[in-house]
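Enquirer: just need the structure, nothing else, for what follows:
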Amino acid sequence: MPNRFVTYLKLHKVSLVLAFICLGLYYTFAYHLERTDFIKLLTLCAALFFLCFKLIQFEKWNFKLLLVIGVLFRLAFLMAEPNLSQDFYRFIWDGELVRNFVNPYLAVPDTLIEQKDLVIANAKELYGGMGELSARHFSNYPPLNQIIFAMATLLGGKSVMGSVLVMRVLIIIADIGIFYFGRKLLRNLNQSPHLIFWYFLNPLVIIELTGNLHFEGVMLFFFIWALYLLSIKKWVWAGIPYAMAISIKLVPLLFLPLFLKYLGFKKSMLFYLVVGAVSLLLLSPFYASNFIDNYSQTVGLWFSNFEFNASLYNIMKKIAIGYDQKPWEFVKSYGNVTPYITIILVLVFTVFKVDKNLKTLLAAMLWVLTLYYLMSSTVHPWYVIFLLTLCIFTEFRFPIIWSAAIILSYYAYSQTDFKENLWLLAIEYIAVFAFLSYEILKLNKQKPFFR
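Expert: Okay, the predicted model is just below:
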């Protein structure tokens, strides 16, 4: 046994050294990085992406080793407070409300904090941490997400760090679930199962999900589970996890029309019925007469008030300002138009690009979401993780480039006024468009670069 262990160490010594270096870098990121230090942040991310590439290159068939390494990278963040996002304060705030049977969609924190009999533990810390923007708006997190927040506060023992720990463990478990179902789905699509490591070891995934507690990973777990069920023809059962994915993050709603042609009319109607029934069941504990108005008002802000890391939007904005249009007027006008363009794009892909093949459906999803993000006025780094996940089940790899290049958008975090550097954003999007163009032009003649 000792000889086998020594032999294993010798065979994999380079990879183990690289993994050890990564652990040190992740530990530094988690406990010794201020988000205002952009140079340090950029250096750490660049090193982690390079080492991730080498680990997959050296050990892509060693599933057990890379699985263990990926889990260890996540555990490096276990007791760290998120350092790139303050959203977790609002997660815990909402969770405290739900745990105490208060509907988070009916009152804003600015109003609740004035109540003398407020039931929220650590209310002042959470209110101060979430920031003014979050504090003056209703919650925009869907019902199942709210239930998870409540579970985290219940198990967290009225401690902010305890709640963070519970949410982090749940996100890690979800990532392991993505690894499990992702490998199975890749096999069913006749693709190499090692491609799942472009998700599981990707630094953006580890930093933004495990590190900063964004719930895209939990949503993607249900989403990939649903796709796996579709791949084995259990399309009715697939509606249950698909609805749960929607009830974590709304993005999978965007793809529902695509199933019409993939499943056929009768099957898709039953699939939609299951998705709708489960969604309504999850929503029912939170429903109230003014729920729809409050929730749609908050979600609408993402289309008409916010802007971050945009591509086409920034170009259009520059042109509009050149014609004397006010920036705050333009973002509202632009936000009113993009939902309709998105709907048209989804319908076009439904009619012309989807057939009975699951690979075609996944490719359509990838392109619909890519075009949506390219039009959006707000593209936070963790949004790209959905694209990253979709791409490994298709022939395209440009979201891997985007997952690395989007680190440049973190520059805004280093500014007290959160001002973006448009030159850095230009570099990001030039890299993405260049690789995307390469794939479109050369994919039929050459193998994908990331294999």
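Enquirer: the helix or strand where residue 171 lies - what's its average pLDDT?
Expert: Using DSSP states H and E, residue 171 sits in helix 160-188. For helix 160-188, mean pLDDT is 98.
Enquirer: chain center to it: distance?
Expert: Relative to the chain's own centre, helix 160-188 is displaced by 12 Å; criterion: CA atoms, centre = their mean, to the nearest Å.
Enquirer: what's the helix or strand following that helix in contact with?
Expert: Following helix 160-188 in sequence order, the next helix or strand is helix 197-200 (DSSP H and E). For helix 197-200, contacts defined as CB atoms under 8 Å, 6 or more residues apart in numbering pick out 56, 60, 66-67, 70, 175, 178-179, 182, 205, 385, 388-389, 391-392, 397, 400, 450. Backbone N, C-alpha and C define where each C-beta goes, glycine included.
Enquirer: please, where are all the helices along the stretch 351-451 of the chain?
Expert: 358-375, 384-391, 398-405, 422-442 (DSSP state H, counting those that start in this stretch).
Enquirer: which neighbouring elements make contact with the first one?
Expert: Applying 3 or more CB pairs under 8 Å, 6 or more residues apart in numbering; DSSP states H and E, one finds that helix 358-375 contacts helix 216-231, helix 259-263, helix 312-322, helix 327-352, helix 384-391.
Enquirer: out of those helices, which is closest to residue 405?
Expert: For the helices and strands packed on helix 358-375, proximity to residue 405 was assessed by CB to CB; helix 384-391 is nearest, at 9.2 Å.
Enquirer: so what touches the closest one?
Expert: Counting by CB under 8 Å, 6+ apart, 178, 182, 198-199, 202, 204-205, 208-209, 216-217, 220, 223-224, 251, 362, 365-366, 369-370, 373, 397-400, 402-403, 406 sit against helix 384-391.
Enquirer: what of stretch 125-137?
Expert: Under the criterion CB under 8 Å, 6+ apart, residues 86-87, 89-90, 92-93, 96, 108-110, 113, 120, 160, 298, 301 lie in contact with stretch 125-137.
Enquirer: out of those residues, what pair is the most spread apart?
Expert: 160 and 301 (25.9 Å).
Enquirer: neighbour count for those two, which is higher?
Expert: Comparing residue 160 with residue 301 by other CB atoms under 10 Å, the one with more neighbours is residue 160, at 18 against 15.
Enquirer: my read: that one touches residue 92, true?
Expert: Yes - Residue 160 is within contact range of residue 92, at 6.2 Å (criterion: CB atoms under 8 Å).
Enquirer: anything in contact with each of those two?
Expert: 122, 126.
Enquirer: mean confidence for stretch 87-98?
Expert: The model assigns stretch 87-98 a mean pLDDT of 96.
Enquirer: let me see the residues that make contact with it.
Expert: With contacts defined as CB under 8 Å, 6+ apart, stretch 87-98 is touched by 82, 103-104, 109, 112, 119-123, 125-127, 129-131, 134, 139, 141, 146-154, 156, 160, 163-164, 167, 212-214.
Enquirer: could the helices of the stretch 351-451 of the chain go into CSV alongside distance to residue 309?
Expert: Converted to CSV, the helices of the stretch 351-451 of the chain look like this (distance: least, CB to CB, whole Å):
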stretch, distance to residue 309
helix 358-375, 9
helix 384-391, 9
helix 398-405, 11
helix 422-442, 6
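Enquirer: right, and these - which one's nearest residue 326?
Expert: helix 422-442 (18.5 Å).
Enquirer: hmm, residue 335 is touching residue 377, no?
Expert: Yes - shown here, residue 335 and residue 377 form a contact pair, counting by CB under 8 Å, at 6.4 Å.
Enquirer: who's more crowded, these two?
Expert: Neighbours per residue, other CB under 10 Å: of residue 335 and residue 377, the larger number sits with residue 377, 24 against 21.
Enquirer: next up, the contacts around residue 160.
Expert: Contacts of residue 160 (CB under 8 Å, 6+ apart): 89, 92, 122, 125-126.
Enquirer: next: residue 320.
Expert: Per CB under 8 Å, 6+ apart, neighbours of residue 320: residue 330.
Enquirer: mind redoing it with 10 Å?
Expert: Residue 320 makes contact with 326-327, 329-331, 333-334 under the criterion CB atoms under 10 Å, 6 or more residues apart in numbering.
Enquirer: what's the closest of the residues you listed to residue 355?
Expert: Ranked by distance to residue 355 (CB to CB), the contacts of residue 320 are led by residue 334 at 33.5 Å.
Enquirer: around that closest one, count how many other residues there are.
Expert: Using other CB under 10 Å, residue 334 has 21 other residues around it.
Enquirer: if we can go back for a sec, residues of the helix holding residue 171 that come out buried?
Expert: Within helix 160-188, the residues that count as buried by 16 or more other CB atoms under 10 Å are 160, 163-172, 174-186.
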